[in-house]
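*Asks:* coords please:
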Amino acid sequence: MKQFVFALFSLLLFGNSTVAAQEGIPVYFDYLSDNYYLVHPSMAGIGEGGKIRATIRKQWFDVEDAPNLQTINAHYRVNEKSGVGAIIFNDANGYHSQTGLKLTYAHHLRFSRDLRNLNQISFGLSAGLMQSNLDESEFNSVIPDPIVTGGNISSSYYNMDLGVSYNFMELYAHATVLNVLNSKRNVYYQNRQDQANVAVVDNLRRYLISVGYVFGKSDWLLEPSVMLQMTDFTKEKTIDMNAKVYKKMDFGTVWGGISYRRSFDGALYQNNSGGVKEQRLQLVTPIVGVNYNNFLVSYNYSYQMGDIRFDNGGFHQITLGYNFGQVSENKYDCKCPAVNY
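*Replies:* Residues are numbered from 1 along each chain as shown. Below you'll find the predicted structure:
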């Protein structure tokens, strides 16, 4: 019973991290690895040439069926005003799993007459097809439950993401709405005898707002940024406060940073003395990476703060990347790593 309570509390506390596994691609911290396209479709083909990024994330190594995520994406600037991209992902969380494909088109409008001065607004649209799976084969009970099918259930649905980005030299801002459409995922009530008692949620919308600026004129750069997340149906809100430092080397760039995520809403729990306390989601994530020629490698580790945690272990994530098709003479005359890489 105690393990069940802790698991349930952890599930509620990680509303924006683990439960999100059933709402398309979870929003973790991989966007900080020069991977903004993964969360903002308007970043497809943001600069000349293209980028490929692959991520692997694993939570709680000593917990069976702990959440894990794999993604691979690529995007490319096809002409002066257009960018295209694609994302494939697989997300598993206990008995739940989800795979999906997203295809993106982005339209870029330049405001500067000088092509080396970055002043651009971008609009992006992603169309995605997702398949949700629920394995109930191990849901055994002495008294049959009409809500439990006892088998493997899968259901497909589609949705769309909309985004807009503005890049002005070292300043950038992004706004995105994920899962715009009201799509019902009937994996939770499909083939069940008592469908009337199974809640169906068709509002999966999530709003993301990111703002950042890059300081520095020499081989050292500092990039503070923030990202606000809001979930429409549950009204959950979190904020990421990030800081990254870049050091230019002969072979490329070495960089590192830290992110702090905090939820605006908390969960109530009873402590050992019988009092009731509130705990909010708090994650601290250091991140390191290196760009060697056209290759990128990065690692981040997320640690949950608070008195109650599902496990003492953290969340590990590795990102591998490759940049292609950009000529150094055509780079923008700005300190803008996400565009000039």
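*Asks:* so which residues of the stretch 1-150 of the chain form strands?
*Replies:* 50-59, 68-77, 82-93, 96-110, 119-135 (DSSP state E, counting those that start in this stretch).
*Asks:* quick one: mean pLDDT over the third one.
*Replies:* Looking at strand 82-93 alone, the average pLDDT works out to 93.
*Asks:* I'd like the average pLDDT over the longest strand belonging to the chain.
*Replies:* The residue-count maximum for a strand in the chain (DSSP state E) belongs to strand 252-270. Strand 252-270 carries an average pLDDT of 86.
*Asks:* buried residues of it, list them for me.
*Replies:* 253, 255, 256, 257, 259, 261, 263, 265, 267, 269 (16 or more other Cβ atoms under 10 Å). Just so you know, the C-beta spots here come from the backbone N, C-alpha and C atoms, and that holds for glycine as well.
*Asks:* and for stretch 287-307?
*Replies:* Applying 16+ other Cβ under 10 Å to stretch 287-307 flags 287, 289, 290, 291, 294, 296, 298, 300, 302, 304 as buried.
*Asks:* give me the mean pLDDT for it.
*Replies:* Rounded mean pLDDT across stretch 287-307 is 89.
*Asks:* how far does it sit from its chain's centre?
*Replies:* Mean-position distance between stretch 287-307 and its chain equals 14 Å (Cα atoms, centre = their mean, to the nearest Å).
*Asks:* equivalent analysis for stretch 30-38, please.
*Replies:* On Cα atoms, centre = their mean, the centre of stretch 30-38 falls 8 Å from that of its chain.
*Asks:* what's the answer for stretch 166-185, then?
*Replies:* Taking the mean of its C-alpha atoms, stretch 166-185 sits 12 Å from the chain's own mean (Cα atoms, centre = their mean).
*Asks:* could you dump that stretch to PDB, C-alpha only?
*Replies:* This file holds the C-alpha atoms of stretch 166-185, laid out as PDB (Å, rounded to 0.1, in the frame of the first residue of the first chain):
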ATOM      1  CA  TYR A 166      11.200  35.900 -33.800                       C
ATOM      2  CA  ASN A 167      15.000  36.100 -34.100                       C
ATOM      3  CA  PHE A 168      16.700  39.500 -34.000                       C
ATOM      4  CA  MET A 169      20.400  39.100 -33.800                       C
ATOM      5  CA  GLU A 170      21.200  37.800 -30.300                       C
ATOM      6  CA  LEU A 171      17.500  38.000 -29.100                       C
ATOM      7  CA  TYR A 172      15.000  35.200 -29.700                       C
ATOM      8  CA  ALA A 173      11.400  34.400 -28.700                       C
ATOM      9  CA  HIS A 174       9.200  31.500 -29.500                       C
ATOM     10  CA  ALA A 175       5.500  30.700 -28.800                       C
ATOM     11  CA  THR A 176       4.000  27.300 -29.600                       C
ATOM     12  CA  VAL A 177       0.700  25.500 -29.200                       C
ATOM     13  CA  LEU A 178       1.100  21.800 -29.000                       C
ATOM     14  CA  ASN A 179      -1.900  19.400 -29.800                       C
ATOM     15  CA  VAL A 180      -4.100  22.100 -31.300                       C
ATOM     16  CA  LEU A 181      -7.000  19.800 -32.300                       C
ATOM     17  CA  ASN A 182      -9.400  18.000 -30.000                       C
ATOM     18  CA  SER A 183      -8.400  14.400 -30.600                       C
ATOM     19  CA  LYS A 184      -9.900  11.600 -28.600                       C
ATOM     20  CA  ARG A 185      -7.500   8.800 -27.700                       C
END
